[in-house]
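Colleague: Provided below for reference: sequence and predicted model.
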Amino acid sequence: MTATKKTGRLSSYYDSLLAPYRITFGGGIRANLKIALRDAQEREGIITSLTPHAEPATDEAQADARTRNAKVIGEFRKALYKSGLSPKMVEHHANNLQSFADDHLLAQAPPRLLLEMQTKDVGAYLNSLDPERAPSAYKSFKRYAKFLWDSARSNPDALLRLQDFLRYYSPLRGTAKE
């Protein structure tokens, strides 16, 4: 503590307010914080400015969505490698998802992310593919839905709808079974 000459008051009063303290969290809180940070980075990004800005141009929005999709596809690749798939199959599934993101989700206005895909998006995309390519993309979507479920990256209700759709979808017929 030090006293100032003019007022005679102690200046350490303010020092205690600005002193850093080490804070520790339990494993559950740390895991939740990690999930929240990952979700923010993969979905909407981290806000660094509070000033409002206009909607980004379509090219800028597409580039931003493409970057976020690349992060998710990178994590999907890691999960596929951990599951024991061959590098050829890992790249095959990752390329199928990349094609879906580029051809279907990024073509929409505004561009959408892989984490925001819906059952109708998957159905429309699978139905637009030629019959030789649809079964392969179908398997990639099944693996991606499992990845989303295992990593808790999506809304559980939406994932259940997607898994039900994929369970009853017939790549040979191009529609979901009634």
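Modeller: Arrived safely, thanks for sending.
Colleague: quick one: buried residues of the longest helix along the chain?
Modeller: Scanning the chain for the longest helix, with DSSP state H as the assignment, gives helix 58-82. Residues of helix 58-82 classed as buried: 61-62, 65-66, 68-69, 72-73, 76-77, 79-80 (neighbour count, 16 or more other C-beta atoms under 10 Å). For the C-beta atoms, the positions are set from N, CA and C on the backbone; glycine is no exception.
Colleague: Identify each buried residue in stretch 97-110, please.
Modeller: For stretch 97-110, by 16+ other C-beta under 10 Å, it's 97-98, 100-101, 104-106.
Colleague: End to end on it, go ahead and measure it.
Modeller: Criterion C-alpha to C-alpha, to the nearest Å; first-to-last residue distance in stretch 97-110 is 19 Å.
Colleague: Provide the contact partners of stretch 96-111 at residue level.
Modeller: For stretch 96-111, contacts defined as C-beta atoms under 8 Å, 6 or more residues apart in numbering pick out 55, 58, 61-62, 64-66, 69, 73, 76, 112-114, 116-117, 121-122, 124-125, 128, 136-137, 140-141, 144.
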